[in-house]
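Enquirer: Show me the folded form of this:
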Amino acid sequence: MMTREISEIRGKKILVVGLARTGVALCHLLVKHGALVTVSDHKSKAELSNSLDKMADIEVTYELGGHTPKTFLQQDIIILSPGISPNLKLFDYAKSHGVKVTGEFEFVTQYIKEPIIAITGTNGKTTVSSLLKAMFDEEGITNWLGGNFGAPMSEYMLAEKPAQIVIAEVSSFQLEHVENFKAKNIIFTNMAENHLDRYKTMEDYINAKRKIFLNTNQDTTSILNADDNAVVELARDPSVQRGRIFYFSRRPILEPQIMNIGGCVVVDNQIKLRTGPEIKSFNVQNVKMRGKHSLENLMSSALAASENGVSPQSIQKVIDNYAGLQHRLEYVRKVGGVLFYNDSKATNVHAVKRALNSFDENIILVMGGKDTNLNYSPLIDDIKLRVKNLILVGEAKERINRDIGDYSETFLIGTFEEAIHMAYQKSRIDDIVLLSPGCSSFDIFDSYIERGNYYKEIVNKFR
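Expert: Residues are numbered from 1 along each chain as shown. As a prediction, this is how the structure comes out:
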């Protein structure tokens with residue numbers, strides 16, 4: 001059993017802001033360890049009914065339908081769920097009155113004693129996390145996966161079932177509050193413009209991500225993308241330099257350099273990997289995932305797995321058999337000679353670019369969703385080269401149209417369902433209909449999962 005008494009919070013007044021899945025789990029953890037918990041959420045009781053049903057067995061005070069300064073000032077600690085922006089003036093007001101304000105990820109991880117592999121970056125985090133879990137599972141190393149993907153960190157503490165290693169997918173939102181978090185291994189997949197509805201500038205976004213390196217030391221191994229200039233630039237930070245660095249790259253020209261210092265590189269149809277004296281080789285001819293970026297995901301996960309005792313045999317088995325996750329360049333079906341792919345998880349420009357580069361041409365691209373102030377012009381060359389029709393829908397369709405609408409036959413559509421039907425109508429044999437929105441889903445759907453599932457539901461009705 002993993003029973004750990006968080007004795008310092010017993011009797012403390014703690015405010016949890018945000019009552020989605022993370023907030024619910026956190027409340028259960030805090031109450032279990034004797035805290036006096038209040039929940040504050042701007043949503044109404046009716047809107048939060050599902051979450052409130054899961055709170056019926058614990059004693060919590062509620063402030064729903066808005067936040068009041070009085071409630072915030074009465075607390076010892078305020079803990080924010082990841083979806084809550086820390087930039088509200090109310091939080092600054094509470095801090096100015098001596099109330100500690102932190103995030104669920106930072107708060108909970110200080111009590112996790114098992115080694116943590118932390119995975120961040122703009123894209124690929126979830127696939128890398130899932131690949132790494134599969135490699136540990138294949139080797140028989142007990143592990144737990146959560147954080148930004150799947151279960152919040154609070155659920156690991158609640159489970160009281162220790163793992164040999166904890167895999168944490170970490171978003172910029174979770175890193176905003178980091179002061180003491182420390183990982184054994186850090187994987188940084190890539191860096192591109194994202195979440196500019198939350199961050200005023202790209203530099204603010206990068207600075208949030210940078211906090212993952214705050215507490216590195218000589219025992220930390222950072223696994224970094226050598227093909228991403230922004231990540232390489234981060235590696236020059238003194239905090240990163242305190243530990244070991246392994247680079248991974250799809251460029252064979254870097255093989256001598258990477259094999260000399262340790263890391264991973266693709267040469268012909270092989271991944272060459274070195275974390276110690278021995279160079280290990282893995283065949284990638286049978287990889288089932290689409291896209292050249294899949295090799296980056298395989299390299300970074302293989303490096304972390306090898307660094308933590310997974311055998312080459314187990315790594316190779318996962319490389320051969322892993323078929324990818326839903327909503328990430330997921331093959332849906334073939335109808336009338338037209339191939340349909342679901343890439344609903346592509347919520348930024350960098351992800352769309354990767355998706356487009358996974359195909360040659362004849363793409364009918366469906367984009368749009370919540371407008372998060374992104375610049376879509378980096379897609380111009382890919383649109384010219386590969387996209388025959390661009391179907392735009394949702395809150396961001398006008399912005400996308402202004403940036404890239406002139407480089408393909410473009411249609412602005414009223415509803416999501418109409419957009420998918422238009423894509424099918426415009427398609428011909430051997431075309432590819434690709435949902436790769438380049439936006440979050442929150443203008444229409446509750447999540448990218450709901451959006452992707454609805455896309456598949458529509459496509460599966462085509463005859």
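
Enquirer: CA atoms only for the worst-scoring helix or strand of the chain on mean pLDDT - export them in CSV, please.
Expert: Sorting the helices and strands of the chain by mean pLDDT, DSSP states H and E puts helix 238-241 at the bottom, at a mean of 90. Provided in CSV are the C-alpha atoms of helix 238-241 (Å, rounded to 0.1, in the frame of the first residue of the first chain):
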residue,chain,number,x,y,z
PRO,A,238,21.8,26.8,-17.3
SER,A,239,19.0,24.8,-15.6
VAL,A,240,19.0,22.3,-18.4
GLN,A,241,22.7,22.0,-18.5
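
Enquirer: Touching that helix from outside, list them.
Expert: The contact list for helix 238-241 (Cβ atoms under 8 Å, 6 or more residues apart in numbering) reads 213-214, 216, 222, 224, 234-235. Where you see a C-beta, it was placed from the backbone N, CA and C, and this is true even at glycine.

Enquirer: change it to 7 Å
Expert: Applying Cβ atoms under 7 Å, 6 or more residues apart in numbering, the contact partners of helix 238-241 are 213-214, 216, 222, 234.

Enquirer: Just the buried ones from those residues?
Expert: Buried residues within the contacts of helix 238-241, counting neighbours by 16 or more other Cβ atoms under 10 Å: 213, 216, 222, 234.

Enquirer: so the first one sits right up against Ala235, yeah?
Expert: When you say that, I think you mean Phe213. No: contact criterion Cβ atoms under 7 Å: Phe213 and Ala235 do not qualify, at 9.2 Å.

Enquirer: Mutual contacts of these two, please.
Expert: By Cβ under 7 Å, 6+ apart, Phe213 and Ala235 have no common neighbours.

Enquirer: Quick check: closest non-adjacent residue to Ser281.
Expert: With sequence-adjacent residues excluded and distances taken as Cβ to Cβ, 6 or more residues apart in numbering, Ser281 is closest to Gln270, at 5.1 Å.

Enquirer: One more: Ser311?
Expert: Setting aside the residues directly before and after it, Ser311 is nearest to Glu139 in space (Cβ to Cβ, 6+ apart), at 6.1 Å.

Enquirer: For the one you found, give its distance to Ser130.
Expert: Glu139 is 15 Å from Ser130, where distance means Cβ to Cβ, to the nearest Å.

Enquirer: With neighbour numbers in mind, choose between these two.
Expert: Neighbour count, other Cβ atoms under 10 Å: between Glu139 and Ser130, Ser130 has more, with 22 against 18.

Enquirer: Identify the residue spatially nearest to that one, adjacent ones excluded.
Expert: Closest to Ser130 by Cβ to Cβ, 6+ apart is Leu325, at 5.8 Å.

Enquirer: one step back: surely the residue nearest to Ser311 touches Ser314?
Expert: Yes: the pair Glu139 / Ser314 is scored as a contact, 4.3 Å apart, by Cβ under 7 Å.
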